[in-house]
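Asks: Here is my input, please return the structure:
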Amino acid sequence: QVQLVESGGGLVQAGGSLRLSCAASGLTFSGYAMVWFRQAPGKEREFVACISWSATTDYADSVKGRFTISRDNAKNTVYLQMNSLKSEDTAVYYCAARSTGSCAYTPRQYNFWGQGTQVTVSS
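Replies: The predicted model follows:
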């Protein structure tokens, strides 16, 4: 049974930092592409960042230069380091896994999802 468990969300002031973690189990983690999406109230789920099985990364323009995605295959964990946070980064952040190993940019292309972690940035 595949499980993805996010942690690290919380309340932070604008300009601050948070690091999200997503621990995976029940899958061959090193072969999966891992992604972070986010969803703000009343909005669609949007792509944030992804990392392929070979550690190639890609980012949404809105977070480029502020967020960094990384993975530790020994720990079956993907991270999202978020710096210079803005109020518009407020959302529930979800990690997801894709078995083909390459990055994709729409939610329906991902096989497994975590339950999400709330990030709130106060201005």
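
Asks: For the rest of this, base every contact and every neighbour count on C-alpha atoms.
Replies: OK.

Asks: Verify the stated contact: Gln118 with Tyr93.
Replies: Yes - contact criterion CA atoms under 8 Å: Gln118 and Tyr93 qualify, at 6.2 Å.

Asks: So which of these two has more stuff around it?
Replies: Between Gln118 and Tyr93, counting by other CA atoms under 10 Å, Tyr93 is the more crowded of the two (26 against 19).

Asks: counting contacts, what elements does the helix or strand containing the more buried one pack onto?
Replies: Tyr93 belongs to strand 91-98 when assigned by DSSP states H and E. If you count contacts as 3 or more CA pairs under 8 Å, 6 or more residues apart in numbering; DSSP states H and E, strand 91-98 packs onto strand 3-7, strand 33-39, strand 112-113, strand 117-122.

Asks: Can you tell me which of those is most buried?
Replies: For the helices and strands packed on strand 91-98, the stretch with the most neighbours on average is strand 33-39, a mean of 26; neighbours defined as mean count of other CA atoms under 10 Å.

Asks: what's the burial count for the closest residue to Ser7 other than its chain neighbours?
Replies: Spatially, and ignoring its direct neighbours in sequence, Ser7 is nearest to Ser21 (5.3 Å; CA to CA, 6 or more residues apart in numbering). With neighbours defined by other CA under 10 Å, the count for Ser21 comes to 22.
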